[in-house]
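> I'll drop the sequence and a predicted model, then ask my questions.
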Amino acid sequence: MTDDAPLEPRPPLPPRAPLPPRAPLPPRAPLEPRAAATWVARKLREAGHRSLFAGGCVRDSILGHDAADFDVATSAIPAEIRQIFPRAIGVGESFGVMLVRHGGRSIEVATFRADGVYVDGRRPDTVRFSDDREDAARRDFTINGLFEDPETGEIIDHVGGRADLAAGILRAIGSADDRLHEDRLRALRAARFAARFGLVIDPGTEAAVRRIAHDLTGVSRERIGNEVRRMLLHPSRARAVELIETLGLGLAVLGEHAPSCDYAILVALPATAGVEESLAAWMVDRNPTDVSPARQRRWREALMLSNDESELLAAILTLRPRIVSTWTGGDRAVRKRLAAALGFAGAMAMLRSEGHPVAATVDAELPALRAEGIQPGPFVTGDDLVAMGMRPGPAFRPMLDRAYDLQLNGGFSDRDAALAAVREWRDG
């Protein structure tokens, strides 16, 4: 080949094989609450601000409980918090409260403050940013007025909360009357904290609660309902309810007077009981002769129950006597329909708590019924009746119920047998 000879073209490169798709990275597990809050507190300190764990997380740590959330109190004001954490969200910025996200957690960061006058029974009309001593003095109870140094673990106690925890006492900070008039929901919180942590309410604090128990002016029904839910979802629910009643809060909470009773059903509920069965037990303990729709409506309005909560409460109260009256004499279809009904678990929890003999019978028979199928899909549907030439109308439901009951009782071996039987009923 001479220098003047034309170059032969290169053969085209083979197409590049596509890269395999990259497997998605597994989601990161969130940091432990304490670790996430410690990081936030450290960043504040590195910027020159005092920062401490505050409130319930300190109380829980002293008691040896795992705190679900760690709140940080700091000398940094909201603008300074946002400089350190640009994505911080103000959730009560005028009160110095911000939310900082880190490690899959939301940490509440609040500026140390002193509160002005409470004009609406919930929030102060003004706040003044201050230091940790004044911040502790504005809080409700001494056990909630504690701080902890995140780095050293030192407890900072300006209000005697650590001694009260050790002595098993729930005491308002400063003047109990002042603390309760600032936010009357604190009367209910006193019952919840005393029950949950096995504390005795200090006599001065108890007297102040009794003085306002008849009147929770300024406290919305939503807040009352949420506080009651928190009580009822905890295994200490019976003690909390007992305190509500003995402190005279029952009328303001539920809108009805209460006779003296021992709350035996509520006491015996399992620790895992939900809000609705706890409410049902409380209602029956208070007055077993009246679980009427009117009374349920009064409780629904008093506690601002959701539609789902109200429906389940009504179902439990309705099903409880039905199980007693129909289980023993009913066939398998009756029993399976009861077991599949909304509210069955709650009604059974109540019957067990009452020690009713039918509860043991139901528990003995349920495994076999479940093995057969409590709520199988029906062999015969409305579409099948239409396909047989039947016109939709009042006769549909009785026909479908009859077929389903026979299916639940084992009267049909399969769908074909069920359809054949329905055709005979139609033609007969």
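Structure's in. What do you need?

> now residue 337, nearest residue through space, not along the chain?
Counting by Cβ to Cβ, 6 or more residues apart in numbering, residue 408 is the residue found nearest to residue 337 once chain neighbours are left out, at 7.2 Å. (Glycine included, C-beta is placed from N, CA and C.)

> report how many residues lie close to the one you found.
Counted with other Cβ atoms under 10 Å, residues neighbouring residue 408 total 24.

> I'd like to know how far it sits from residue 378.
For residue 408, the distance to residue 378 (Cβ to Cβ, to the nearest Å) stands at 10 Å.

> residue 51 bridge partners, please.
Judged by DSSP bridges, the bridge partners of residue 51 are residue 74.

> all further residue positions should be reported with the first residue as 831.
Sure, I'll start counting at 831 from here, so that last one is residue 881.

> surely it meets residue 901?
No: using Cβ atoms under 8 Å, residue 881 makes no contact with residue 901, being 10.9 Å away.

> out of the two, name the residue with the larger neighbour count.
Between residue 881 and residue 901, counting by other Cβ under 10 Å, residue 881 is the more crowded of the two (27 against 18).

> the more buried one and residue 866: what is the separation?
Going from residue 881 to residue 866 by Cβ to Cβ gives 14 Å.

> what does residue 1131 give?
40 Å.

> sketch out the low-pLDDT regions of the stretch 831-980 of the chain for me.
831-840, 843, 847, 849, 853, 855-856 (pLDDT under 70).

> helices along that one, start to end?
863-876, 886-893, 908-914, 962-967 (DSSP state H, counting those that start in this stretch).

> next, the buried residues of the last one.
Buried positions in helix 962-967, judged by neighbour count with 16 or more other Cβ atoms under 10 Å: 962, 965-966.

> can you redo these as JSON lines with distance to residue 939?
Shown next, in JSON lines, are these (distance: Cβ to Cβ, whole Å):
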{"residue": "962", "distance to residue 939": "14"}
{"residue": "965", "distance to residue 939": "13"}
{"residue": "966", "distance to residue 939": "17"}
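
> so which of residue 1131 and residue 866 has more stuff around it?
For residue 1131 and residue 866, the more surrounded residue by other Cβ under 10 Å is residue 866, and the numbers stand at 21 against 13.

> for residue 1109, see how far away the more buried one is.
Relative to residue 1109, and taking Cβ to Cβ, residue 866 is found at 35 Å.

> and the strands in the chain?
In the chain, the segments counted as strands under DSSP state E are 881-884, 901-904, 919-922, 927-932, 935-941, 943-945, 957-959, 976-978, 985-987, 999-1000, 1030-1031.

> I'd like those strands written out as CSV, with distance to residue 1058 added.
Below are the strands of the chain laid out as CSV (distance: least, Cβ to Cβ, whole Å):
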stretch, distance to residue 1058
strand 881-884, 26
strand 901-904, 23
strand 919-922, 24
strand 927-932, 25
strand 935-941, 23
strand 943-945, 26
strand 957-959, 29
strand 976-978, 26
strand 985-987, 30
strand 999-1000, 18
strand 1030-1031, 18
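
> relative to residue 862, which of those strands is closest?
strand 935-941 (8.6 Å; Cβ to Cβ).

> partners of the closest one in the sheet?
Strand 935-941 is paired, per DSSP bridges, with strand 901-904 (parallel), strand 927-932 (antiparallel).

> just say which of these is most tucked in.
Most buried of the strands paired with strand 935-941 by mean neighbour count (mean count of other Cβ atoms under 10 Å) is strand 901-904; its value is a mean of 23.

> what about the stretch 981-1130 of the chain, any weak spots by pLDDT?
For the stretch 981-1130 of the chain (pLDDT under 70), the answer is none.

> out of the buried residues of helix 962-967, which comes closest to residue 1038?
residue 966 (19.2 Å).

> and that closest one, how close does it get to residue 958?
With Cβ to Cβ as the criterion, residue 966 and residue 958 are 15 Å apart.

> list the contacts of residue 1016.
970-971, 1002, 1009-1010 (Cβ atoms under 8 Å, 6 or more residues apart in numbering).

> same question for residue 1245.
Contacts for residue 1245 (Cβ under 8 Å, 6+ apart) come out as 1209-1210.

> mind doing that once more with 10 Å?
Residues counted as contacts of residue 1245 (Cβ atoms under 10 Å, 6 or more residues apart in numbering) are 1207-1210, 1214, 1237.

> among these, which are in helices?
1214, 1237 (DSSP state H).

> among the contacts of residue 1245, name the buried ones.
Of the contacts of residue 1245, these count as buried by 16+ other Cβ under 10 Å: 1208-1210, 1214, 1237.

> in stretch 1045-1057, what's buried?
Buried-residue list, stretch 1045-1057, by 16+ other Cβ under 10 Å: 1046, 1048-1049, 1053-1055, 1057.

> check stretch 951-960 too.
The neighbour-count check on stretch 951-960 (16+ other Cβ under 10 Å) flags 951, 954, 957, 959-960 as buried.

> give me the distance between the two termini of it.
Taking Cα to Cα, to the nearest Å, the first and last residues of stretch 951-960 lie 22 Å apart.

> what does that stretch rub up against?
So stretch 951-960 is in contact with 905-908, 922, 924-926, 941-949, 964-965, 967-968, 1011-1015, 1046-1050, 1053, going by Cβ under 10 Å, 6+ apart.

> before we move on, back to that, just the closest of the buried ones among the contacts of residue 1245 to residue 1254, please.
Nearest member of the buried ones among the contacts of residue 1245 to residue 1254, counting by Cβ to Cβ, is residue 1210, at 12.4 Å.

> who's in contact with that closest one?
By Cβ under 10 Å, 6+ apart, the neighbours of residue 1210 are 1218, 1229-1230, 1232-1234, 1236-1237, 1242, 1245, 1248-1249, 1251-1252.
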